[in-house]
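Student: This is the structure alone, sequence omitted:
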């Protein structure tokens with residue numbers, strides 16, 4: 001073998017050099033750090049943008065909540081039968097809205113009136129209550145996590161404004177009524193909740209049954225609308241009174257009401 005042949009044989013192939021240079025391990029430490037930061041920032045940006053895009057999809061596609069997804073992933077049962085807005089008894093819609101967000105037809109996703117009351121109470125050192133609107137609850141159930149931490153609220157509020165901007169009030173109410181947890185063992189949506197509690201479809205709920213369904217929403221896993229405690233029965237009576245068009249505006253859901 002000649003010296004030239006040995007030199008040619010000893011030198012690395014051009015392809016090997018290219019692979020070596022392209023290998024992440026061959027990057028300088030500063031370049032690797034920049035690469036990791038770009039990946040991290042890209043991931044965060046995708047997670048932030050995804051809910052805004054999914055909201056447009058959910059204008060026509062029945063969504064599922066994060067809690068439902070978690071139950072599926074952990075092999076726990078989920079019962080949910082999606083029903084359209086028109087297949088839910090109007091008295092049930094009015095009862096839930098009156099109970100959960102009485103100013104639903106008057107705000108744009110965030111109830112600034114109720115939010116202002118909470119801020120004033122906090123500044124005065126008084127105990128505060130929640131000021132979550134139905135759009136805010138929909139956003140939390142679809143895209144975020146439970147709890148009352150500041151980070152979640154910071155994401156929840158702009159998403160609620162976006163939801164209210166791109167979806168109709170009827171669609172927002174329809175989604176909420178179909179993804180809210182309404183009983184133990186993975187019972188989601190008003191249809192599954194009505195069937196579990198009363199053995200009837202959501203379209204057949206009576207005024208009292210609808211008020212009881214709305215009254216258990218703060219804790220549907222522990223409270224049963226079919227066997228209400230004294231506190232639940234009293235709350236249901238208040239809900240029934242508030243669910244009249246004279247007490248709560250429903251024009252955005254039932255024009256002419």
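Tutor: Yes, it's here. The structure presented is a predicted model; accordingly, all values stated were derived computationally and were not measured.

Student: where do the helices sit along the stretch 151-257 of the chain?
Tutor: 169-179, 189-198, 207-215, 230-242 (DSSP state H, counting those that start in this stretch).

Student: Single out the most deeply packed of the ones you listed.
Tutor: Burial of the helices of the stretch 151-257 of the chain is given as mean neighbour count (mean count of other CB atoms under 10 Å); helix 207-215 ranks first at a mean of 25. From N, CA and C alone the C-beta is placed, and that goes for glycine too.

Student: Return the angle between stretch directions for that helix and helix 189-198.
Tutor: Helix 207-215 and helix 189-198 meet at an angle of 120 degrees, taking axes from the mean of the first three to the mean of the last three CA atoms, to 10 degrees as the criterion.

Student: Point out where the protein drops to low pLDDT.
Tutor: Low-confidence segments of the chain, defined by pLDDT under 70, are located at 1-26, 44-46, 115, 118-130, 149.

Student: which stretch of helix or strand covers the nearest residue to residue 207 once chain neighbours are set aside?
Tutor: Nearest residue to residue 207 in three dimensions, chain neighbours excluded: residue 91, at 5.1 Å (CB to CB, 6 or more residues apart in numbering). Assessed by DSSP states H and E, residue 91 sits inside helix 90-100.

Student: Does residue 147 lie in a helix or a strand, and which?
Tutor: Applying DSSP H and E, one finds residue 147 in no helix or strand.

Student: Please name the residues that touch it.
Tutor: Counting by CB atoms under 8 Å, 6 or more residues apart in numbering, residue 147 touches no other residue.

Student: What is the neighbour count of residue 151?
Tutor: Applying other CB atoms under 10 Å, we find 10 residues neighbouring residue 151.

Student: Please point out which parts of the helix or strand containing residue 32 sit buried.
Tutor: Under the criterion of DSSP H and E, residue 32 resides in helix 29-57. Within helix 29-57, the residues that count as buried by 16 or more other CB atoms under 10 Å are 51, 55.

Student: I'd like the next helix or strand past that helix.
Tutor: helix 66-73.

Student: Between the two ends of stretch 215-223, how far is it?
Tutor: 9 Å (CA to CA, to the nearest Å).

Student: if we can go back for a sec, tabulate the helices of the stretch 151-257 of the chain (a markdown table), appending distance to residue 71.
Tutor: A markdown table is the format used below for the helices of the stretch 151-257 of the chain (distance: least, CB to CB, whole Å):
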| stretch | distance to residue 71 |
| --- | --- |
| helix 169-179 | 12 |
| helix 189-198 | 13 |
| helix 207-215 | 21 |
| helix 230-242 | 25 |
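
Student: Just tell me which of those helices ends up closest to residue 146.
Tutor: helix 169-179 (13.6 Å; CB to CB).

Student: quick one: the closest one to chain centroid distance?
Tutor: 11 Å (CA atoms, centre = their mean, to the nearest Å).

Student: Kindly tell me how buried residue 247 is, as a neighbour count.
Tutor: Neighbours of residue 247 (other CB under 10 Å): 12.

Student: No further questions, thank you.
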